[in-house]
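Enquirer: how does the following fold in three dimensions:
(one chain, ligands or ions: 2)
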Amino acid sequence: MTKKILLLPGDGIGAEVVDSAKAVLQALSTRFPDATYEFQEAPIGVAALKAGNDPLPETTIEAVKSSDGCLLGAVDEAALPKGTSALGRFRRRLQLYANVRPLRAYAGVACLCPDLDIVVVRENSEGMYSGTEYAVGTDAACAVRIITREGSRRIAKVAFELAASRRKRLTVVHKLGAFKMTDGLFLECVREVGKSYPGVALDPRNIDAAAMDLIQHPGQFDVILATNMFGDILSDEIAGLVGGLGLAASSVLGDKYGYFEPVHGSAPDIAGKGIANPMATILSAAMLVDHLGQKKAAAAIGEAVTSVLAAGKVRTPDLKGKSSTQDVTRAVIDQLMR
Ligand code: IPM
Ligand code: MG
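Expert: Ligands and ions are numbered 1, 2, ... in the order given. A predicted model of the protein is given here:
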């Protein structure tokens, strides 16, 4: 049955990389007859604001709800006016609490940690990015770090499930010394959920120590569970260990709805130049296809990306190559069709 895919290109390089992933998805049905898609598009971010809308239009929310899967390019959050947001609201509004970011090294890509294979499970609906921030007079401002039992338990469950399916080791990062109440509650919930997963070793670490250990002993990590901001920062750090953000894909899921997106953001400095690396979005599309239950088709996309990277001929400037976004797209599709 044809699946309805909603594309949310957004800002900066978003449109270029989403176009690329769309072409890969369209090519998929030649090899996998059940992997057929019908595409729709909706606005989000600065692009939506410019069209006279809210950066997160109601019509976009409705379109997400009625789609089978959703692929987002990027939102230039920093360019949105104070007090507004698109991604943060999107995640809170639809309770998209689980941001899963698999990060691994690829043959043929120069990197600091050639064996690295880590998944960051980042809480994505509360914590430091709960959206509660205000000025206190003219000389102070305040951001509220919200941690709830329900929010902590549900993300812990996602992390334990994943850890149980992998190397049965879950690192949870915290800063208990500074956040005695919030991280105290978070850790209490994680330990409680962990009781149902006796086969998974729980490894609590201070966030600062974990940031260093990741560089010195990356092999100690498999699945990392983090609150919103710590997960945001660590996932970029780990991406840096495996050749940068150009290959980092992610899912942002709740119990009912969700979307898939590259981790890199809108990259306004290279927008419109046709040189953005589309691989992270193509890999995010593969995660989407996998989520739709089309496991073989999803694996084929991953294999095509892996082969193109290993061959080392076609790559964008972020990976020290000279190819364009379109060259990379074509190379992945050619590989997929073999
Ligand atoms: C990310 C980004 C976003 C986030 C920003 C743009 C709001 O950094 O997805 O990692 O922190 O969630
Ligand atoms: Mg980030």
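
Enquirer: check whether whichever strand or helix holds V119 comes near ligand 1.
Expert: Using DSSP states H and E, V119 falls within strand 117-123. No - using C-beta under 6 Å from any ligand atom, strand 117-123 stays clear of ligand 1, with a minimum separation of 8.1 Å. The C-beta positions use only the backbone N, C-alpha and C, and glycine is treated the same way.

Enquirer: these two touch, right, G244 and T316?
Expert: No - between G244 and T316 there is no contact under C-beta atoms under 8 Å: 10.4 Å.

Enquirer: ok, for the residue of the stretch 201-338 of the chain found nearest ligand 1, nearest residue in space, not its chain neighbours?
Expert: Taking C-beta to the nearest ligand atom as the measure, the point where the stretch 201-338 of the chain comes nearest ligand 1 is D232, at 4.3 Å. Of all residues not flanking D232 in the chain, R122 sits nearest, at 6.6 Å (C-beta to C-beta, 6 or more residues apart in numbering).

Enquirer: in the sheet, who's paired with that neighbour?
Expert: With DSSP bridges as the criterion, R122 is bridged to N99, A226.

Enquirer: go on, G69?
Expert: According to DSSP bridges, the residues that bridge with G69 are I5.

Enquirer: report how many residues lie close to it.
Expert: For G69, the neighbour count with other C-beta atoms under 10 Å is 21.

Enquirer: what sits against it?
Expert: By C-beta atoms under 8 Å, 6 or more residues apart in numbering, the contact list for G69 reads K3, K4, I5, L6, Y259, F260, L288, H291, L292.

Enquirer: assumed the residue of the stretch 201-338 of the chain closest to ligand 1 was part of a helix.
Expert: Yes - in this structure, D232 lies within a helix as judged by DSSP: H, G, I helix; E, B strand; the rest coil.

Enquirer: surely it touches E123?
Expert: No - D232 sits out of contact with E123 when judged by C-beta under 8 Å, with a separation of 10.1 Å.

Enquirer: who has more neighbours out of those two?
Expert: A count of neighbours by other C-beta under 10 Å puts E123 above the other of D232 and E123, at 27 against 19.

Enquirer: now for the spatially closest residue to that one that is not a sequence neighbour, which secondary structure element holds it?
Expert: The shortest distance from E123 to any residue other than its chain neighbours is 4.3 Å, reached at I155 (C-beta to C-beta, 6+ apart). Here I155, judged by DSSP H and E, is contained in helix 149-165.

Enquirer: okay, now the sheet partners of the helix or strand just after that helix, with direction.
Expert: Towards the C-terminus, the helix or strand next in line after helix 149-165, according to DSSP H and E, is strand 169-174. Applying DSSP bridges, strand 169-174 is found paired with strand 201-206 (parallel), strand 223-226 (parallel).

Enquirer: the residue in the stretch 1-150 of the chain positioned nearest to ligand 1: what's it in contact with?
Expert: Of all residues in the stretch 1-150 of the chain, the one sitting closest to ligand 1 is E77 (4.0 Å; C-beta to the nearest ligand atom). Contacts for E77 (C-beta under 8 Å, 6+ apart) come out as G45, S85, A86, L87, G88.

Enquirer: just the buried residues out of those, in PyMOL syntax.
Expert: For the buried members of the contacts of E77, the matching PyMOL selection, counting by 16 or more other C-beta atoms under 10 Å, is:
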select buried, resi 45+85+86+87+88
